[in-house]
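Chemist: Fold the following and give me the result.
(chains A and B)
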Number of protein chains: 2
Amino acid sequence: MDCSQHLKSRMVFFVSDSTGITAHTLGHSLLSQFDHLTFEYRIFSNINTVETAQKAIGEINHCAAILENRPLIFVTITDAKVRHIISKAHGMVMDLLGTFIEPLELELQMPSSHAVGRSHNTKVLNYNKRINAINFATQHDDGASTAHYEEADVILIGASRCGKTPTSMFLAVQFGVAAANFPITDDDILDMQLPESIRNFREKLFGLTIRPERLAKIRQERRPNSRYASLIQCETEVQKIEVLYKRLNIPFADTTTKSVEEISALVLQHIKWDWR
Amino acid sequence: MDCSQHLKSRMVFFVSDSTGITAHTLGHSLLSQFDHLTFEYRIFSNINTVETAQKAIGEINHCAAILENRPLIFVTITDAKVRHIISKAHGMVMDLLGTFIEPLELELQMPSSHAVGRSHNTKVLNYNKRINAINFATQHDDGASTAHYEEADVILIGASRCGKTPTSMFLAVQFGVAAANFPITDDDILDMQLPESIRNFREKLFGLTIRPERLAKIRQERRPNSRYASLIQCETEVQKIEVLYKRLNIPFADTTTKSVEEISALVLQHIKWDWR
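Modeler: Numbering: from 1, shown residues only, chains lettered A, B, ... in the order given. The predicted model follows:
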């Protein structure tokens, strides 16, 4: 690794026994509070053995030796032995798991298992569930397939480009929710009833809506100057779809000012998702 | 909220100004080290105002009053004022951000901004990038569309069911990587060359491979007793695809014993992903 280009900015290392996403998310939240500084990020993922830890620490210390400021090191490693090695790195080590283990041992009045993979069975179970959910969401995107709707945890419905796809994928990847999504089209609006393929799954439906101005702007990017992207078309669709939701008592949320995270949180709440 | 059903098990609250995913991930890692205990989880997401914090603390304290053991409370809240309110909850509060803010202020020799959304611009930028990446990955799943490959950050290739879709979606949702994926089929193998649609994007290709026994098992679930799922078919495909990768110098990874997180980490490394 070449650190010599970053002599002036602060080096930040994320060291994780998995991908480093959690370390990165937390570290990034913390450092965004120091917004006059520039940081250079490096990730060490899959650091779960003494050997990989020693290799990582070698690279970190090599950098530390030539940098003006000592590096910041965010660590999420479950194994105590591996964590201990990283704790000796030449820098400011923030141990995001280790910091809380001792207080928890005191609180729960028992020693922790200090071992990677103790929750192995649950992990494998959750892991397979998540992979299946991602495959499910992909296969059932935008009404592409309506088979196996009985296996869906939720079916998101709404106008084209109101946020169904990102929300389904987010729910699947982050939580293992088998989320299908189905578009409500002009024909459905004309009939003012649900399309046949979702009619029998009323209790699984969650509607999305959006302000017409915003929808027109999004559609404009996709098909400029089309009828599809016109404000009048968007207004009609959104208004009628909302009437449909209300008439059929379908729970729904407005995505206009909400992030995918926030919409997903609402969906999880609605389906009473089990966070285990 | 009804806590009276959980008098014996330990209640765990995740309180976050966003979805609570990070709090949940870290908290879950920590608690999985105490594997003889049972925990009951509840999430409070979008706690980013004094009002929502007071409402959350009201519910937590209500539970705490009737429980045998005090609840565990994992907190990821950027705003100092909101965080302070939650810190007074009746339970063991583990402040996953606040714990590190003061040491960081000392290290960096400046006060933190203590404000939500300071990194707002970057956040909006990253957010849109992520949404676009999710849409891109969905539209470009399994060779469905080969348009706009010039915008792809990476194109995953490989045999059917070797892990392309989950990896693409994970890369898009977690990192905002515009990841397309394209299947290598029998025809391509017969010709022993890349299909035309990806031939011009050699530098974007990343191959996946998998042990034939594992592939056969996965395919067996999808189409039992088909030629497609037979061990001999899987062996031929995998062997020839690996020869193709090697002949054309396409970087590749074996997904057999790797998690989606691990495969994604390899892809990110290969494309030299900028973690900013």
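
Chemist: which other residues reach stretch A:187-203?
Modeler: Contact with stretch A:187-203 is made by A:143, A:146, A:149-150, A:152, A:155, A:157, A:182, A:184-185, A:205, A:236-237, A:240-241, A:243-244, A:247-248, A:250, as judged by Cβ atoms under 8 Å, 6 or more residues apart in numbering or on different chains. For glycine as for every other residue, the C-beta is placed from the backbone atoms N, C-alpha and C.

Chemist: What average pLDDT does stretch A:101-110 get?
Modeler: The average of the pLDDT scores along stretch A:101-110 is 93.

Chemist: Does chain B have contacts with that stretch?
Modeler: Yes. Using Cβ under 8 Å from any Cβ of the partner chain, stretch A:101-110 reaches chain B at A:Ile101, A:Pro103, A:Leu104, A:Glu107, A:Leu108, A:Met110.

Chemist: Which of those fall in helices?
Modeler: Among the residues of stretch A:101-110 next to chain B, DSSP state H puts A:Ile101, A:Pro103, A:Leu104, A:Glu107, A:Leu108 in helices.

Chemist: JSON lines please, covering those residues and showing neighbour count and distance to A:Met169.
Modeler: What follows is those, written out as JSON lines (neighbours: other Cβ atoms under 10 Å in any protein chain shown; distance: Cβ to Cβ, whole Å):
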{"residue": "A:Ile101", "neighbour count": "20", "distance to A:Met169": "34"}
{"residue": "A:Pro103", "neighbour count": "12", "distance to A:Met169": "37"}
{"residue": "A:Leu104", "neighbour count": "18", "distance to A:Met169": "34"}
{"residue": "A:Glu107", "neighbour count": "17", "distance to A:Met169": "37"}
{"residue": "A:Leu108", "neighbour count": "19", "distance to A:Met169": "36"}
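
Chemist: Just the buried ones from the contacts of stretch A:187-203?
Modeler: Buried subset of those (neighbour count, 16 or more other Cβ atoms under 10 Å in any protein chain shown): A:143, A:146, A:149, A:152, A:155, A:157, A:182, A:184, A:205, A:237, A:240-241, A:244, A:250.

Chemist: my read: A:Leu215 touches A:Cys162, true?
Modeler: Yes. Assessed by Cβ atoms under 8 Å, A:Leu215 is found in contact with A:Cys162 at 6.3 Å.

Chemist: Might you calculate how far stretch A:68-80 sits from the centre of the chain?
Modeler: Here the centre of mass of C-alpha atoms in stretch A:68-80, compared against the chain's by Cα atoms, centre = their mean, to the nearest Å, lies 23 Å away.

Chemist: which parts of that stretch are buried?
Modeler: By neighbour count on 16+ other Cβ under 10 Å, the buried set for stretch A:68-80 is A:Asn69, A:Arg70, A:Pro71, A:Leu72, A:Ile73, A:Phe74, A:Val75, A:Thr76, A:Ile77, A:Thr78, A:Asp79, A:Ala80.

Chemist: so can I have JSON lines of those residues showing secondary structure, pLDDT and distance to chain B?
Modeler: Below are these laid out as JSON lines (DSSP: H, G, I helix; E, B strand; the rest coil; pLDDT from 0 to 100; distance: Cβ to the nearest Cβ, whole Å):
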{"residue": "A:Asn69", "secondary structure": "coil", "pLDDT": "92", "distance to chain B": "9"}
{"residue": "A:Arg70", "secondary structure": "coil", "pLDDT": "94", "distance to chain B": "8"}
{"residue": "A:Pro71", "secondary structure": "coil", "pLDDT": "96", "distance to chain B": "11"}
{"residue": "A:Leu72", "secondary structure": "strand", "pLDDT": "97", "distance to chain B": "7"}
{"residue": "A:Ile73", "secondary structure": "strand", "pLDDT": "98", "distance to chain B": "11"}
{"residue": "A:Phe74", "secondary structure": "strand", "pLDDT": "97", "distance to chain B": "9"}
{"residue": "A:Val75", "secondary structure": "strand", "pLDDT": "96", "distance to chain B": "11"}
{"residue": "A:Thr76", "secondary structure": "strand", "pLDDT": "94", "distance to chain B": "7"}
{"residue": "A:Ile77", "secondary structure": "coil", "pLDDT": "93", "distance to chain B": "10"}
{"residue": "A:Thr78", "secondary structure": "coil", "pLDDT": "89", "distance to chain B": "6"}
{"residue": "A:Asp79", "secondary structure": "coil", "pLDDT": "90", "distance to chain B": "10"}
{"residue": "A:Ala80", "secondary structure": "helix", "pLDDT": "90", "distance to chain B": "9"}
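
Chemist: Could you report the distance from the closest residue to A:Pro111 other than its chain neighbours to B:Leu31?
Modeler: Nearest in space to A:Pro111, with sequence neighbours left out and distances taken as Cβ to Cβ, 6 or more residues apart in numbering or on different chains, is A:Glu105 at 5.8 Å. If you measure A:Glu105 against B:Leu31 using Cβ to Cβ, to the nearest Å, the figure is 12 Å.

Chemist: Looking at these two, which has the bigger crowd around it?
Modeler: Taking other Cβ atoms under 10 Å in any protein chain shown, A:Glu105 and B:Leu31 do not tie; B:Leu31 has more neighbours (20 against 15).

Chemist: from memory the more buried one sits against B:Glu40, does it?
Modeler: No. Counting by Cβ under 8 Å, B:Leu31 sits too far from B:Glu40 to count as a contact (11.1 Å).

Chemist: intersection of neighbour lists for those two?
Modeler: Listed as contacting both B:Leu31 and B:Glu40 by Cβ under 8 Å, 6+ apart are B:Val12.

Chemist: Could you point out which residue ranges in chain A have low pLDDT?
Modeler: When residues are selected by pLDDT under 70, those of chain A lie in A:1-2, A:5-8, A:114-125, A:275-276.

Chemist: Show me the strands in it, by range?
Modeler: Here chain A has its strands, by DSSP state E, at A:10-16, A:39-44, A:72-76, A:92-95, A:154-158, A:179-183, A:205-209, A:252-254.

Chemist: what's the closest of these to A:Tyr228?
Modeler: Nearest of the strands of chain A to A:Tyr228, taken as Cβ to Cβ: strand A:179-183 at 12.2 Å.

Chemist: Is chain B within reach of the closest one?
Modeler: No. Using Cβ under 8 Å from any Cβ, strand A:179-183 never reaches chain B; the gap is at least 10.0 Å.

Chemist: Measure how that strand sits relative to strand A:154-158, angle-wise.
Modeler: 20 degrees (axes from the mean of the first three to the mean of the last three Cα atoms, to 10 degrees).

Chemist: partners of strand A:179-183, with directions?
Modeler: strand A:154-158 (parallel) (DSSP bridges).

Chemist: Around chain B, which positions in the stretch 101-250 of chain A sit nearby?
Modeler: Residues of the stretch 101-250 of chain A found near chain B (Cβ under 8 Å from any Cβ) are A:101, A:103-104, A:107-108, A:110, A:112-115, A:118-119, A:122, A:127, A:130-131, A:134-135, A:137-138, A:141, A:165-166, A:169-170, A:172-174.

Chemist: Can you pick out the most distant pair from the residues of stretch A:101-110 next to chain B?
Modeler: In those, two members sit farther apart than any others by Cβ to Cβ. They are A:Pro103 and A:Met110, at 13.0 Å.

Chemist: that older thread, can you list which of the buried ones among the contacts of stretch A:187-203 are found in helices?
Modeler: Mapping those onto helices (DSSP H) picks out A:Glu237, A:Lys240, A:Ile241, A:Leu244.

Chemist: Distance to A:Ala64 added to those, as JSON lines?
Modeler: As requested, those are exported to JSON lines (distance: Cβ to Cβ, whole Å):
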{"residue": "A:Glu237", "distance to A:Ala64": "58"}
{"residue": "A:Lys240", "distance to A:Ala64": "62"}
{"residue": "A:Ile241", "distance to A:Ala64": "57"}
{"residue": "A:Leu244", "distance to A:Ala64": "61"}
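
Chemist: May I ask which two of those residues are separated the most?
Modeler: Comparing all pairs in those by Cβ to Cβ, the longest separation belongs to A:Glu237 and A:Leu244, at 10.4 Å.
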